[in-house]
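A.B. asks: Prediction below, plus the sequence it came from.
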Amino acid sequence: MTVTGRKIMNQAMTASMVLATALVLIPLGFIFFHIVSMGMSAITPDFFTQIPKPPGETGGGIANGMVGSLIVIAGASLIGVPIGILGAVYLSEYGSGYAATVIRFSADVLSGIPTIITGLIVYGLVVVPMKGFSAIAGSIALSLIMIPIVLRTTEEQLKLVPVTIREASLALGVPVWRTTLKVTLVCAKNGIITGILLSVARIAGETAPLLFTALGNLFWSKSLGEPIATLPLQIFNFAISPYEDWHKLAWGGALVLVVVMFSVSLTARYFNRSRF
């Protein structure tokens, strides 16, 4: 191929990549613009401080849903993050053979299960024995979604830590467990934080598992053992309601949820900016 031909091919490929990028960004921009245009009218101080008003009454907000989402996500993180990190440490530092293969395969299968099935399983194993929907059941359902994400991302980050760093620590007489805790995990902390944030962003917008576990609540929840409001559940319930005021709250909730997920994703990119 001549020099002119290579230049033409290079320009053609560059133009195709620009077009592909535009095809991805245009729908994203349209969705974001539509959510902003529909949801901004609902963003008022009452929106962040009050619970929903009864149908027919103007005003109100979804403060209980935002607080409920924080509670459920925090509970899921307390369950899923330690299990995911410890499992990743085992696979990266100690696991080998059949057991490690089974764990990796199980994590991959768990990450591919539809979230509504996860909610149904937790409904049968937790909600039915507890004889009621609860924030605890919602956290357990979301933690099952978090675990494979945290486990696999953390494992990959631990594998990126150079072997020479481990060997240097062991050569100084540091035990293997302390090397893993004080050296390997510290070196991979940015990647681990990125994986945790990505898993939080993944579960923040989940609705289907919470329909079977947390159920939702139009009021403030006083206990982790009773139904609790979450932002995705309120968006779903308000969007399918026949009341215009609730439709407005649903759009406002959608805007808040998109902004939160966008912020979490940007934070994950910040922690993931460095590489070994």
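C.D. replies: Happy to help now that I have it. Remember, predicted model here, so these are calculated numbers, not experimental data. Numbering: from 1, shown residues only.

A.B. asks: drop to CA atoms for contacts and neighbour counts, all remaining ones
C.D. replies: Fine.

A.B. asks: how about the helices in the stretch 101-250 of the chain?
C.D. replies: Along the stretch 101-250 of the chain, counting by DSSP state H, counting those that start in this stretch, helices occupy 115-122, 128-130, 135-159, 163-171, 176-179, 185-187, 189-204, 208-213, 231-239, 244-271.

A.B. asks: Give the buried residues for the last one.
C.D. replies: Think helix 244-271. Buried residues in helix 244-271, counting neighbours by 16 or more other Cα atoms under 10 Å, are found at 245-258, 261, 264-265, 268-269, 271.

A.B. asks: what packs against that helix?
C.D. replies: helix 3-39, helix 189-204, helix 231-239 (3 or more Cα pairs under 8 Å, 6 or more residues apart in numbering; DSSP states H and E).

A.B. asks: May I see the helices of the stretch 101-250 of the chain organised as CSV, with mean pLDDT added?
C.D. replies: What follows is those, written out as CSV (pLDDT from 0 to 100):
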stretch, mean pLDDT
helix 115-122, 96
helix 128-130, 95
helix 135-159, 95
helix 163-171, 91
helix 176-179, 91
helix 185-187, 92
helix 189-204, 92
helix 208-213, 96
helix 231-239, 95
helix 244-271, 92
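
A.B. asks: for these, which one sits closest to residue 14?
C.D. replies: helix 244-271 (25.3 Å; Cα to Cα).

A.B. asks: returning to that earlier point: please tabulate the helices and strands packed on helix 244-271 in TSV, including the columns mean neighbour count and distance to residue 138.
C.D. replies: As requested, the helices and strands packed on helix 244-271 are exported to TSV (neighbours: other Cα atoms under 10 Å; distance: least, Cα to Cα, whole Å):
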stretch	mean neighbour count	distance to residue 138
helix 3-39	12	27
helix 189-204	22	11
helix 231-239	21	11
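
A.B. asks: Dump these into TSV; add distance to residue 57 as well.
C.D. replies: Below are those laid out as TSV (distance: least, Cα to Cα, whole Å):
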stretch	distance to residue 57
helix 3-39	19
helix 189-204	29
helix 231-239	14
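
A.B. asks: which one of these lies closest to residue 159?
C.D. replies: If you check each of these against residue 159 by Cα to Cα, helix 189-204 wins as the nearest, at 10.9 Å.

A.B. asks: got the angle for that closest one vs helix 135-159?
C.D. replies: Going by axes from the mean of the first three to the mean of the last three Cα atoms, to 10 degrees, helix 189-204 is angled at 150 degrees with respect to helix 135-159.

A.B. asks: I would like the residues contacting helix 189-204, please.
C.D. replies: 69, 73, 77, 81, 142, 145-146, 149-150, 153-154, 157, 232, 257, 261, 264-265, 267-269, 271-272, 274 (Cα atoms under 8 Å, 6 or more residues apart in numbering).

A.B. asks: what's the offset of stretch 153-162 from the middle of its chain?
C.D. replies: Distance, stretch centre to chain centre, for stretch 153-162: 20 Å (Cα atoms, centre = their mean, to the nearest Å).

A.B. asks: just how off-centre is stretch 107-126 within its chain?
C.D. replies: With Cα atoms, centre = their mean, you get 15 Å for stretch 107-126.

A.B. asks: Equivalent analysis for stretch 203-213, please.
C.D. replies: Stretch 203-213 sits 11 Å away from the centroid of its parent chain (Cα atoms, centre = their mean).

A.B. asks: From one end of that stretch to the other, what's the distance?
C.D. replies: Using Cα to Cα, to the nearest Å, the end-to-end distance of stretch 203-213 comes out at 14 Å.

A.B. asks: for that stretch, which positions count as buried?
C.D. replies: Quick answer for stretch 203-213 (16+ other Cα under 10 Å): 203, 204, 205, 206, 207, 208, 209, 210, 211, 212, 213.

A.B. asks: All set, thanks.
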